[in-house]
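Trainee: What shape does this take:
(chains A and B)
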Amino acid sequence: MVSVPEIWEEVAVTENIIELKGLTRRYGSFTAVDSLDLAIEKGEIFGLLGPNGAGKSTTILMMLGLTEPDGGTVRVCGFDPVSDPVEVKRRVGYLPEEVGFYDDLTGMENLTYTARLNGFSANDARAKAEELIQRVGLTGEAGKKTGKYSRGMRQRLGLADVLIKDPEVIILDEPTLGIDPAGVREFLELIVGLSREQKITVLFSSHHLHQVQQVCDRVGIFVKGKLLAVGDVQSLAAQLFSGEGRPAGSERKDYSLDDIYFRYFEGGVDHE
Amino acid sequence: MSNSVLSKKIKFSRTGDRIRHPFRVIVEKEMADHIRSWRFIILIAIIALTSLGSLYTALTNFSQAVKPNDPEGTFFFLKLFTITDGTMPSFTVFISFLGPLLGIALGFDAINSEHNRGTMGRMLSQPIHRDYIINAKFTAALAVISVMLIALGLLVMGAGLIFIGIPPTAGEFMRMVFFILLSILYVAFWLNLSILFSVVFRQPATAALSAIAVWLFFSVFYPLIVNLITKSLAPSEMAAPQTIIAFEQFRLALLRVMPNQLFSEATTTLLMPSVRSLGPLTMEQMIGALPGPLPLGQSLLMVWPQVTGLAAGTIISFVISYVLFMRREIRSR
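Mentor: Model prediction:
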């Protein structure tokens, strides 16, 4: 016998923090996102892997309520971003591909501004911003205007900006674009550390399979607005290569994402 | 009792300082941006210089302007804003000329610069409603303009007080207050027009140029066009009075499409109390009328259509930009 509170706990643990059902978005005759079903569990790092123009960004914008879906439903943290965007945005941090800051304000001022938009008082905002600036390793640069920041520094400041609202979910859209390899590694380690430590769910969208492989618990392969397969790297390979005769040396089990990538992104198979 | 009412509205953080509503945070930031910008400093300098100039001409010509049998004799303080010796335009003309520039300068990059810097996506992923951004931009610019025009108006009054030495009457003061409010409304119209362009055009330069084009069209070309049209339609001097009046009203109706025409009609009426009609008057209407100033209420009644027209223009451009902005899809850049 399970008592009611225990059941609730059970439900809470396995609850999907992001749930997309039949999500569709069209631009004219072009379908950017085609009846997408996706569930992301609390606390996991989920990688959305797909080539440019696959509809990753559109999906993310719909999760945040910045774009309205043409069909299907979205639930993020239990809220519908179409009718309740503010509640969703209170809980979700979003780092866009190329994060913009007010160039004539310092990094610190940019952060405190965001904090105050999230309901911090001026003093609390400053304290929180200082803590996060230290956390992302920008301590010496906080007083500089963001116009003078390098790309890597901007991205770190962007991460601090996302974390300032104590999010339950972070959505990163191609966050490593244009950062050098060492910077990318540091950045990814920062994200993994944060996610594990504070139980933050991370949705990591990228077309860099190695980066996705490096950090993500589960990966969804996203091509032409459709989710082809979801799972960890091994089960992905199994899903994708089953039923059509394994490639030569058929007992092979160690498929890497490379195989998947070349098979589906560059390759001839149009999965329809 | 009052304490409990207050505590509902004002929230405090744990450390005891005020938590501001996000809307107010945005307005404060936008106002700070305006005040610190070079653009605004330059505009203030231009406007301060021109008002100094017009004040100077007004004061040096003050003695000639006050005539013994003038029906407005008791309102000579108001002349500070309207008299000129022909070398420098008066204060009201300056406002009607530079006001649009001020409004355009504060609004033309309101929305598109946020897009171009990539800050729009970041702002909109904060827990605020989307319309906060456009409303706050408008509120902040309007607040800056109001503070500036009120300060300017009071400074002119103060300087006039020092030089003339006679304080304005209550009626004169009220007229000046309404004049300042009217100027704010006029600048707000141009502000909203330029915010509209900033929503429509992605490049701030395009938005600024289009707004300036509209301004130039109305202040230079439109009167010419009206002239061309009315000249070809003008009835002969021998025509029936009804025809002449109908024609004159048609001409005025055409002119009143211009926001600057509405503004100048309204200011003239407010600052020259003896003006009792803005349209044509027949001899019949004039006979027996004693030249005298109108009371403030009557002057206000007379400019009500003009004020309504300006307010309507302002609201229409704001509504269009609001709707366009709310429907736009926000991509990161």
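
Trainee: near chain B, which residues of the stretch 51-200 of chain A show up?
Mentor: A:57, A:61, A:64, A:66-67, A:85-87, A:89-90, A:92-94, A:96-104, A:113-114, A:116-124, A:158, A:161, A:165, A:173 (CB under 8 Å from any CB of the partner chain). All C-beta spots, glycine's among them, are computed from the backbone N, C-alpha and C.

Trainee: Make a PyMOL selection of whichever of those turn out to be buried.
Mentor: Of those, the buried ones can be selected in PyMOL as follows, counting by 16 or more other CB atoms under 10 Å in any protein chain shown:
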select buried, chain A and resi 57+61+64+66+67+85+86+87+89+90+92+93+94+96+97+98+99+100+101+102+113+114+116+117+118+119+120+121+122+124+158+161+165+173
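
Trainee: Restricted to strands, list the residues of the stretch 51-200 of chain A next to chain B.
Mentor: A:92-94, A:173 (DSSP state E).

Trainee: Quick check, the residue in the stretch 101-250 of chain A closest to chain B?
Mentor: residue A:121 (3.6 Å; CB to the nearest CB).

Trainee: Revised request: answer the last question for the stretch 1-150 of chain A.
Mentor: residue A:100 (2.4 Å).

Trainee: okay, who's weakest in the ones in strands among the residues of the stretch 51-200 of chain A next to chain B by pLDDT?
Mentor: Ranked by pLDDT, these bottom out at residue A:173, which has 89.

Trainee: re earlier: test my guess that the residue of the stretch 1-150 of chain A closest to chain B contacts residue B:117.
Mentor: Yes - contact criterion CB atoms under 8 Å: residue A:100 and residue B:117 qualify, at 4.5 Å.

Trainee: which residues are common contacts for those two?
Mentor: Common contact partners of residue A:100 and residue B:117 (CB atoms under 8 Å, 6 or more residues apart in numbering or on different chains): none.

Trainee: Spatially nearest residue to the residue nearest to the spatial centre of chain A (excluding sequence neighbours)?
Mentor: Nearest to the mean C-alpha position of chain A, counting by CA atoms, centre = their mean, stands residue A:203 at 2.4 Å. Computed as CB to CB, 6 or more residues apart in numbering or on different chains, the closest residue to residue A:203 that is not its neighbour in sequence is residue A:171, at 4.7 Å.

Trainee: The closest residue to residue A:104 other than its chain neighbours pairs with what?
Mentor: Leaving aside its chain neighbours, residue A:104 sits nearest to residue A:145 (6.2 Å; criterion: CB to CB, 6+ apart). Per DSSP bridges, the residues bridged to residue A:145 are residue A:106.

Trainee: Over to residue A:168: give its phi and psi.
Mentor: Note on residue A:168: backbone dihedrals following degrees, to the nearest 10 are phi -90, psi -30.

Trainee: Residue A:201 now?
Mentor: Taking degrees, to the nearest 10 as the convention, residue A:201 sits at phi -80, psi 140.

Trainee: Pull the contacting residues for it.
Mentor: By CB under 8 Å, 6+ apart, the contact set of residue A:201 is A:17-18, A:40-46, A:168-170, A:195.

Trainee: Among those, which lie within helices?
Mentor: Among those, the members found in helices (DSSP state H) are residue A:195.

Trainee: can you redo the contacts of residue A:201 as CSV with neighbour count and pLDDT?
Mentor: Putting the contacts of residue A:201 into CSV (neighbours: other CB atoms under 10 Å in any protein chain shown; pLDDT from 0 to 100) gives the following:
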residue, neighbour count, pLDDT
A:17, 22, 89
A:18, 20, 91
A:40, 24, 91
A:41, 15, 89
A:42, 17, 88
A:43, 16, 87
A:44, 16, 89
A:45, 23, 91
A:46, 24, 92
A:168, 18, 91
A:169, 21, 93
A:170, 22, 93
A:195, 19, 87
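
Trainee: Residue B:53 is in contact with residue B:87, isn't it?
Mentor: No - Residue B:53 is beyond contact range of residue B:87, at 9.3 Å (criterion: CB under 8 Å).

Trainee: of the two, who's got more company?
Mentor: Using other CB atoms under 10 Å in any protein chain shown, the more surrounded residue of residue B:53 and residue B:87 is residue B:53, with 15 against 9.

Trainee: List the contacts of that one.
Mentor: Counting by CB under 8 Å, 6+ apart, residue B:53 touches residue B:88.

Trainee: One more: residue B:215?
Mentor: Contacts for residue B:215 (CB under 8 Å, 6+ apart) come out as B:100-101, B:104, B:190.

Trainee: And these, which two are furthest apart?
Mentor: Greatest spatial distance among these (CB to CB): B:101 and B:190, at 8.0 Å.

Trainee: What ranges does chain B have for its strands?
Mentor: Using DSSP E, strands in chain B cover B:11-12, B:18-19.

Trainee: Could you report the neighbour count for residue B:233?
Mentor: The burial count assigned to residue B:233 is 10, neighbours taken as other CB under 10 Å.

Trainee: these two touch, right, it and residue B:248?
Mentor: No - with contact defined as CB under 8 Å, residue B:233 and residue B:248 do not form a contacting pair (11.2 Å).

Trainee: circling back: list the beta-bridge partners for the residue nearest to the centre of chain A.
Mentor: Beta-bridge partners for residue A:203, by DSSP bridges, are residue A:46, residue A:171.

Trainee: Distance-wise, check it relative to residue B:191.
Mentor: Using CB to CB, to the nearest Å, we find residue A:203 at a distance of 40 Å from residue B:191.

Trainee: Report the central residue of chain B.
Mentor: In chain B, the C-alpha nearest the mean C-alpha coordinate belongs to residue B:186, at 2.0 Å (CA atoms, centre = their mean).

Trainee: Report the contact partners of the nearest residue to it once chain neighbours are set aside.
Mentor: Distances taken as CB to CB, 6+ apart place residue B:263 nearest to residue B:186, at 4.6 Å, with adjacent residues excluded. When contacts are counted by CB under 8 Å, 6+ apart, residue B:263 touches B:96, B:99, B:182-183, B:186, B:306, B:310.

Trainee: Could you dump these into TSV with pLDDT added?
Mentor: Shown next, in TSV, are those (pLDDT from 0 to 100):
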residue	pLDDT
B:96	88
B:99	90
B:182	94
B:183	94
B:186	95
B:306	91
B:310	94
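
Trainee: Tell me, how many residues neighbour the residue of the stretch 101-250 of chain B found nearest chain A?
Mentor: Sorted by distance to chain A under CB to the nearest CB, the residues of the stretch 101-250 of chain B start with residue B:118, at 2.4 Å. By other CB under 10 Å, 19 other residues sit near residue B:118.

Trainee: so what's it closest to, chain neighbours aside?
Mentor: Residue B:118 sits nearest to residue A:100 (CB to CB, 6+ apart), 2.4 Å away.

Trainee: what does residue A:108 give?
Mentor: Spatially, and ignoring its direct neighbours in sequence, residue A:108 is nearest to residue A:142 (4.4 Å; CB to CB, 6+ apart).

Trainee: if I look at the one you found, how far off is residue A:114?
Mentor: 14 Å.

Trainee: same deal with residue B:125?
Mentor: Distance, residue B:125 to residue A:114, using CB to CB: 10 Å.

Trainee: Looking only at stretch B:97-117, what residues are buried by neighbour count?
Mentor: Buried-residue list, stretch B:97-117, by 16+ other CB under 10 Å: B:98-115, B:117.

Trainee: Output the below-cut-off pLDDT ranges for chain B.
Mentor: B:1-10, B:13-16, B:65-74, B:331-333 (pLDDT under 70).

Trainee: I misspoke; the intended subject was the stretch 1-150 of chain A.
Mentor: Residue ranges of the stretch 1-150 of chain A with pLDDT under 70: A:1-14.
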